[in-house]
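Visitor: Model the structure of this input:
(2 chains)
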Number of protein chains: 2
Amino acid sequence: MTRTATTTTAHLVPVAPSSGALRPLGLDEVTITGGFWHHRQEVNGTNTLAHIEGWLEREGWLPNFDLAASGRLPEGRRGREFSDSEVYKYLEAVSWEIGRRGGDDELEARLRRIVARVAAAQEDDGYLNTQFGRPGQGPRWSDLEWGHELYCLGHLFQAAVARVRTRPDADDGLIDVARRAADLVCDVFGEGGDERICGHAEVEVGLAELGRALGEPRYVEQARLFVERHGRGTLRDIEWGRSYYQDDVAVRDAGVLRGHAVRANYLASGATDVAVETGDDELLHALDRQWDATVARRTYVTGGQGSHHQDEAFGDDWELPADRAYSETCAGVASVMFSWRLLLAQGDPRHADQIERTLFNVIETSPSAQGTAFYYANTLHQRQPGSEAEADVVSPRAHSSLRAPWFDVSCCPPNTARTFASLAAYVATADASGIQLHQYAPASIRTTLADGQEVALDVSTEYPASGVVRVRVLTDAASPWTLSLRVPAWASGASLVVRPAGSGLEQRMPAARGVVSVERPFAAGDEVVLELPVAPRFTRPDSRVDAVRGCLVVERGPEVFALESVDLAGTALEASDFADLRLDAAVEPREVADGGVVVAVVDERTGARADVPLVRYHDWAERGPSRMRVWVPVVGS
Amino acid sequence: MTRTATTTTAHLVPVAPSSGALRPLGLDEVTITGGFWHHRQEVNGTNTLAHIEGWLEREGWLPNFDLAASGRLPEGRRGREFSDSEVYKYLEAVSWEIGRRGGDDELEARLRRIVARVAAAQEDDGYLNTQFGRPGQGPRWSDLEWGHELYCLGHLFQAAVARVRTRPDADDGLIDVARRAADLVCDVFGEGGDERICGHAEVEVGLAELGRALGEPRYVEQARLFVERHGRGTLRDIEWGRSYYQDDVAVRDAGVLRGHAVRANYLASGATDVAVETGDDELLHALDRQWDATVARRTYVTGGQGSHHQDEAFGDDWELPADRAYSETCAGVASVMFSWRLLLAQGDPRHADQIERTLFNVIETSPSAQGTAFYYANTLHQRQPGSEAEADVVSPRAHSSLRAPWFDVSCCPPNTARTFASLAAYVATADASGIQLHQYAPASIRTTLADGQEVALDVSTEYPASGVVRVRVLTDAASPWTLSLRVPAWASGASLVVRPAGSGLEQRMPAARGVVSVERPFAAGDEVVLELPVAPRFTRPDSRVDAVRGCLVVERGPEVFALESVDLAGTALEASDFADLRLDAAVEPREVADGGVVVAVVDERTGARADVPLVRYHDWAERGPSRMRVWVPVVGS
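Guide: Residues are numbered from 1 along each chain as shown, chains lettered A, B, ... in the order given. The predicted structure follows:
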């Protein structure tokens, strides 16, 4: 929890704290050059972005801005009260994608066309929302519980942050739109003004980062005010209680995240930003404590959060049924946002561990391989196969066993898109001593250390299929610096190998879970190789999680695997009732080609038995409707 | 599944099929004279009825009818769209209570005052609903999905049935009100008319019985039409699918109950009535099959049905988490209605078993000992104690660990009240061979057999505290008849003892699960004693119910027991985390005074150990906020 001063520069990062243990390296410093995540980024940048823009247009959520600009609202407005925000998340995703590609004229032109439509809808005083404020609509700020006005603006601010960091010289007007809206928010909700909060947290994290990006302390202060106002009961009580929107307890007094899981994590992210910017260690400690409790007691093995369908909310401690696990994709995105902010503030590798788990097993699970269909909720147990007929239609939300192209509440697709587009910014950080690698992917890293040295690294790996991560130093150091690599909590028995350039020697050392570091006057050609054991393993649940007692999950490296009914075809279990299948835990899971896993499965009713390949959880339901379970009961349980 | 003709007489029964295996004995033939259920009936008849009437008045649901009568609607209308139905259920409960008591001037006067207010609100053409049809309200029948108009009328019809059967000569007008409303329904929704259904089934069962009670085949035919129209998709599709209101599949084609659990059981009840009245064996078989599948795969150990909070619906097969078990009280009432109708049609004791389980562990769980606070949902696992502050306020629905005096959706209190008031009608039946006892309580039974013999019986028992049920015959028989007693499925090793009057002899025989019968020319003074073994027992879950794997439940007789945190006080486990407690299954549950049960409990973290008394599930949370679990994990699980 040491905090060293870092310099805020104009790097291409979504989060740029003015201080903290670690400085994030941006898209200008880290490029993912191949492998698992590069493939997803490519699919995201092509298929997914085009898919989302098409739906925003077709569903009317973009045309809502045109109606606003031409005075034709409220007639004809389409979509839910928060539909504006999907446009902003899309703009954010496109901005990061332009940054990732180092420019793209066609994408840039698309973005500018949309920005122009959004800007035309902004009112003279900076107000911007297609759902409120006109004759025939509710008055501005009249429904903070459900209206999502400030929530939408929070996403606008995050889009503007992406734009200002990736194209600081852009003259399209997005940054100005955001600035005018943020000024209005400060005027209305500032000290002495309206003292309420938004029912869906998001404006806090948006304002804090916009303040950092534009050097406007007023925005950070406004974020602080919103954070501090949570827990005062200014929002109406509802059937699920004020905990639903975190208006039950002050952020600094809470012990665990609760209520709506996306709201809770967005709020915690914004509160972390505020704590860091204001030097509020009490608040930071409170958030750290909440993260610990939430990850230990209210988080699925996939990293998913939120077990209730009804209110999209966290359950009580240990209330984590696989059945109807809600595990909303957006809660995964939001939890990565929270974990990343704590990681930057404190440097604790557990936060990076949680990010990895959530990226592979929640956020990557949402989109299809083609990036054009999505999960909103990510159940851990599908008892009845869905219907092919459901695959190509708009889903209300979370209702099919198959991914849907779009949702009436379509927060998740653009949320995954902005995360994937900016993913390189979550790979590595720097501090006064050197560079830290947090996520493993083939990458090119080039940055300037605090002492002014230029450092370039090349990371090559087939992670997660292989656990070998090879870091090649491309620059000669004037003085020693430290390369640190995260050793995930699951990686028992890892080693680190150091091969000084041209020496023909190698030094091998055990790498305990946490962080392993090498301090050297690195020379070009030096190699540091992390060897993570990725053999498949059984994982037992905490005995207090009732719903999966007597079950095991198979993991391999950072990936969670699942038993899927389509894999029973052609085995002795083809005709079995899926509910009767049991894992023979006496037989260790066996690795097969390309990091696949096979386990021994028994039908407890018939005694039939077969070796069955498991599917990576993030790949399930890619082969049509199926039954699936992540936690598999063991024989005799 | 033999069907013998029975005669419909004017007995005081809620269900009087014109044919079927068994003829129900009414409140004029069976009186519960003491013991467990008599106590509940007394509390219900005094405290609960007065409590409900007070709330109906205070919340405005009764005054809504006054507003309607005086043309002051829609302004001032209070309550949800189905609030009229609570008044009707209350009228039904009061009618049965008057029947139970054999008259009561004060209750009769209260009932008449309310009937007058309801009648004054009825429109000239028979339409009756305080929510629709006036200027400023939605048009009649304009929102069949959610408007509950036909649902409300279904409850009106059931109230009228109770009235016509308990006071056929009553001149208060309730029966006429119902008749006029039913005629309107037939006019609007009859053959060639509006072909839609109500989103909440209930009018089917109400119309069918009103038709039986008034000898109006047109009403039975209208019930048939509504039943047949389910599954045609005439209601709008919704987020949860048309299965929510059983408009997905035709009743005769379905394999299991699904969707909203109350709707599903009300519909199945009405469909059974229709099948019996029309001789539709295909439909009856389909319903029987659905009952089997639902009880086997979608029903909690308590008899509770419906595992989802969000849509108050059944889950998939084996999806029965104890956490957030919804198990709505009304679903319990509705499932008893369905089981009872199948029992009368077919005579299968499994239906009576299920009624017993549901009565003791769902319906009796809802009201407090004083009968003035209720559970809407009946969870099987309470992880966090509620707050005393929640105990005395109106609950939105299903949200507290403590019983609430009233709910915004307050269907459950009057639903339990009408069930308890009419409970004697579920105790015994007759057929051509004699009398069948299905539920055990101290009772006086007096009826006329099919051959014209008068038979009188006196049942004495301390059931369920004791398993001994003593039936004393009070009349001499002219010819042999058969006395049959249900041997519950849990009663392994039961015996039957026959003691002919004055003989000094006794004949003892084993009584296998199902039904045990004695055929004799019974004489006054003959005694038949059923001895059911009620020692406490561990029950294992079906291994396909994931959420309670590795757990056991303790049952004793028909009662389910639970571990409640208040019982840890003063033991070595007082300071334990409730989530760490495990059952030592090597130690059999031990019976203590008054049918209580003690088990050996271990703290899996500290190793601390204590003998802990369990609480009857229906009595939990009577001693303030607590943690509770029905399924307890065993040591080492």
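Visitor: Not counting sequence-adjacent ones, nearest residue to residue A:96?
Guide: Distances taken as CB to CB, 6 or more residues apart in numbering or on different chains put residue A:421 closest to residue A:96, at 3.7 Å, once the chain neighbours are dropped. The C-beta positions use only the backbone N, C-alpha and C, and glycine is treated the same way.
Visitor: Okay, the one you found and residue B:65: tell me how far apart.
Guide: Separation of residue A:421 from residue B:65 (CB to CB, to the nearest Å): 61 Å.
Visitor: the more surrounded of the two?
Guide: Neighbours were counted for residue A:421 and for residue B:65 using other CB atoms under 10 Å in any protein chain shown; residue A:421 has more, 28 against 22.
Visitor: Confirm for me that the more buried one is in contact with residue A:93.
Guide: Yes. Here residue A:421 reaches residue A:93: they are 5.0 Å apart, a contact under CB atoms under 8 Å.
Visitor: residue of the stretch 51-200 of chain A with the smallest distance to chain B?
Guide: residue A:80 (12.6 Å; CB to the nearest CB).
Visitor: tally of neighbours for residue A:109?
Guide: 9.
Visitor: where's it, which helix or strand?
Guide: helix A:105-121 (DSSP states H and E).
Visitor: okay, now the closest residue to chain B within the stretch 101-250 of chain A: neighbour count?
Guide: Closest approach between the stretch 101-250 of chain A and chain B, counting by CB to the nearest CB: residue A:239, at 3.8 Å. Using other CB under 10 Å, residue A:239 has 14 other residues around it.
Visitor: Doesn't it belong to a strand?
Guide: No. Read with DSSP: H, G, I helix; E, B strand; the rest coil, residue A:239 is coil and lies in no strand.
Visitor: measure it to residue B:395 for me?
Guide: Distance of residue A:239 to residue B:395, computed by CB to CB: 9 Å.
Visitor: Check residue A:525 too.
Guide: 71 Å.
Visitor: What of residue A:138?
Guide: Distance from residue A:138 to residue B:395, by CB to CB: 29 Å.
Visitor: more neighbours, those two?
Guide: residue B:395 (24 against 15).
Visitor: what's across from that one in the sheet?
Guide: residue B:407 (DSSP bridges).
Visitor: So it is in contact with residue B:409, correct?
Guide: No. The criterion here is CB under 8 Å, and residue B:395 misses it with residue B:409 at 9.2 Å.
Visitor: shared neighbours, the two?
Guide: Listed contacts common to residue B:395 and residue B:409 are residue B:376; contacts here mean CB atoms under 8 Å, 6 or more residues apart in numbering or on different chains.
Visitor: which residues of the stretch 101-250 of chain A score low on pLDDT?
Guide: Scanning the stretch 101-250 of chain A for pLDDT under 70 picks out nothing.
Visitor: need the residues of it near chain B, please.
Guide: Within the stretch 101-250 of chain A, the positions adjacent to chain B are A:238-241 by CB under 8 Å from any CB of the partner chain.
Visitor: where exactly do the strands run in the stretch 1-150 of chain A?
Guide: A:4-5, A:19-20, A:23-24, A:30-32 (DSSP state E, counting those that start in this stretch).
Visitor: any idea which of the ones you listed scores lowest on pLDDT?
Guide: Sorting the strands of the stretch 1-150 of chain A by mean pLDDT places strand A:4-5 lowest, at a mean of 34.
Visitor: Mind jotting down where the helices sit in the stretch 201-350 of chain A?
Guide: Using DSSP state H, counting those that start in this stretch, the helices of the stretch 201-350 of chain A run over residues A:203-214, A:217-229, A:261-278, A:281-297, A:329-346, A:349-358.
Visitor: okay, which residue is most central for chain A?
Guide: Against the mean C-alpha coordinate of chain A, by CA atoms, centre = their mean, the closest residue is residue A:333 at 2.6 Å.
Visitor: who's in contact with residue A:477?
Guide: By CB under 8 Å, 6+ apart, the contact set of residue A:477 is A:453, A:455, A:520-523.
Visitor: Need the residues you listed in JSON lines (columns: secondary structure).
Guide: Below are these laid out as JSON lines (three-state DSSP):
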{"residue": "A:453", "secondary structure": "coil"}
{"residue": "A:455", "secondary structure": "strand"}
{"residue": "A:520", "secondary structure": "strand"}
{"residue": "A:521", "secondary structure": "coil"}
{"residue": "A:522", "secondary structure": "coil"}
{"residue": "A:523", "secondary structure": "coil"}
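Visitor: Any chance of TSV for these, columns pLDDT?
Guide: Output for these, formatted as TSV (pLDDT from 0 to 100):
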residue	pLDDT
A:453	93
A:455	97
A:520	95
A:521	95
A:522	97
A:523	96
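Visitor: and of the residues you listed, the nearest to residue A:627?
Guide: residue A:455 (49.9 Å; CB to CB).
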